[in-house]
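Student: Here is my input, please return the structure:
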Amino acid sequence: MDDFDRFITKKENEKPGFKASVEKRKGELLIAARLRETRESLKLTQREVSEKWALSQQSISKIENAKDDHISLHTLNEYARVLGYELHFMLKSANISSSAKTHNR
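Tutor: Numbers count the residues shown, from 1 in each chain. Coordinates of the predicted model:
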């Protein structure tokens, strides 16, 4: 069990339903974490990104922490572009089986 799993277990014990909530938003949280990691690897601050993009630093923070339930694909793509990257999405079957198909877009 890694640190993340221990954290989820601890929070689930404190607040039943926490784990299900995280699972439901797993994709969003992973995208947000990847954007933050990329920004940090480029040695950019949230303020520097906000200046390049003409958004507030608070908006950048909300994106990176998945605090906004209504972040559009356009916004995520634009953030990636500001960092010098492209965002690619993969559609995967929600069924857990070895024969599940994956569709790349």
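
Student: Only C-alpha atoms from now on, for both contacts and neighbour counts.
Tutor: Will do.

Student: For the protein, which segments count as strands?
Tutor: For the chain, applying DSSP state E gives strands covering 90-92, 102-104.

Student: rank these by pLDDT, which is bottom?
Tutor: With a mean of 55, strand 102-104 has the lowest mean pLDDT of those.

Student: Next up, the contacts around I8.
Tutor: The contact partners of I8, by C-alpha atoms under 8 Å, 6 or more residues apart in numbering, come to 18-19.

Student: Roughly how far does it sit from N77?
Tutor: I8 is 29 Å from N77, where distance means C-alpha to C-alpha, to the nearest Å.

Student: do S21 as well
Tutor: 25 Å.

Student: Looking at these two, which one has more neighbours?
Tutor: N77 (15 against 11; other C-alpha atoms under 10 Å).

Student: For that one, give me its contacts.
Tutor: Counting by C-alpha under 8 Å, 6+ apart, N77 makes contact with 86-87.

Student: Show me where the chain has its helices.
Tutor: Taking DSSP state H as the test, the helices found in the chain are 3-14, 18-24, 26-41, 46-53, 57-64, 73-82.
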